[in-house]
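S.K.: Got a sequence here, can you model it:
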Amino acid sequence: MKKPNSLESFKNSPHPSFKHTTYFDVYDRLLSPYKDKEICFVEVGVLNGGSLFMWRDFFGPKARIIGIDLNPAAKKWEKHGFEIYTGSQSDPDFWDNFILEVGPIDIFLDDGGHTYLQQIISAECLLQNIADGGMLIVEDTHTSYMDGFGDKKHSFIHYAKLWVDKINTRFGKFNNDSSQSDRRVWSVEFFESIVAFKVNKAATKVKSEPVWNKKPVQMEDDFRYQDRELLEDKKSKISSILDQAFSIYQKRES
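M.R.: Predicted coordinates:
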């Protein structure tokens, strides 16, 4: 029997749930490998209940589905077999207690209040508790470009971009002290309004060093900078490409 995709599960839910149309392809890409497995799935922001039933339909009966909401009214969904916790995702103590009670999490989905503080505190408190092979997903990251969600100098997207730097500074030639290197995250994947942090503990422990499959008998000359003079007469075209590359918005053709 064919398993439902995320959009079908969304439509199958008997209770209200609000999502954006661009999310379903992301869900299917990221989460399909976890279907019909004994996983621990946690979602923040579940008051209307629809997403809880959506994920049960999508992952199947083996999944442990846990919901978190600041509104204690969400407790009503416990009678349907879901585990519900109430508390503030901005509160580190809430997360400490949650981790002690729940244990390792395979997938954490943040669809909570979408303020930068809520998103960053949740990520920082939970990344260490994501199971090997699991991921932490933050939705509605477009709020990083909107007013009313916090100081934009400390937006969630700025936080996520710093992870790109953390990951790349593991490169062996930088001679970082491995004990000081942050290895909680193996990779970060960006989508429209969604950021996914993936955990692969074995991969993050691999020592970064150069390796040949077969060492050449004679090293060839390095030509990486030999085209400088050739490109002098193309400065204008190259400058135009760079301007577009470093612009958020595509320029309209006249």
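
S.K.: mind checking how far Asp233 is from Ile107?
M.R.: Distance, Asp233 to Ile107, using C-beta to C-beta, to the nearest Å: 53 Å. For every residue, glycine as well, the C-beta is placed using N, CA and C.

S.K.: higher neighbour count, those two?
M.R.: Remark: of Asp233 and Ile107, Ile107 carries more neighbours, 22 against 8, as counted by other C-beta atoms under 10 Å.

S.K.: just for the stretch 101-250 of the chain, where's the confidence low?
M.R.: Applying pLDDT under 70 to the stretch 101-250 of the chain flags residues 176-180, 250.

S.K.: Show me where it has its helices.
M.R.: 116-126, 156-168, 201-204, 235-245 (DSSP state H, counting those that start in this stretch).

S.K.: so of those, which one's packed in deepest?
M.R.: Most buried of the helices of the stretch 101-250 of the chain, by mean neighbour count (mean count of other C-beta atoms under 10 Å): helix 116-126, with a mean of 21.

S.K.: could you say what helices and strands that one packs with?
M.R.: Under the contact definition 3 or more C-beta pairs under 8 Å, 6 or more residues apart in numbering; DSSP states H and E, helix 116-126 sits against helix 92-102, strand 105-110, strand 130-139, helix 156-168.

S.K.: Next, the angle helix 116-126 makes with the last one.
M.R.: In terms of direction (axes from the mean of the first three to the mean of the last three C-alpha atoms, to 10 degrees), helix 156-168 departs from helix 116-126 by 30 degrees.

S.K.: which other helices and strands contact helix 156-168?
M.R.: Short answer (3+ C-beta pairs under 8 Å, 6+ apart): helix 156-168 packs on helix 116-126, strand 187-191, strand 194-198.

S.K.: ok now that helix, how far from the chain's centre?
M.R.: Helix 156-168 sits 11 Å away from the centroid of its parent chain (C-alpha atoms, centre = their mean, to the nearest Å).

S.K.: coming back round to it: present the helices of the stretch 101-250 of the chain as a markdown table; the columns should include distance to Asp132.
M.R.: Supplementary listing: the helices of the stretch 101-250 of the chain in a markdown table, determined by distance: least, C-beta to C-beta, whole Å:
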| stretch | distance to Asp132 |
| --- | --- |
| helix 116-126 | 14 |
| helix 156-168 | 17 |
| helix 201-204 | 5 |
| helix 235-245 | 36 |
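
S.K.: so which of those gets nearest Phe82?
M.R.: helix 116-126 (18.9 Å; C-beta to C-beta).

S.K.: shouldn't Asp111 be in contact with Asp140?
M.R.: Yes: between Asp111 and Asp140 there is a contact under C-beta atoms under 8 Å: 7.0 Å.

S.K.: could you dump the helices and strands packed on helix 116-126 to a markdown table with distance to Val206?
M.R.: Listed next are the helices and strands packed on helix 116-126 as a markdown table, based on distance: least, C-beta to C-beta, whole Å:
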| stretch | distance to Val206 |
| --- | --- |
| helix 92-102 | 27 |
| strand 105-110 | 22 |
| strand 130-139 | 14 |
| helix 156-168 | 13 |
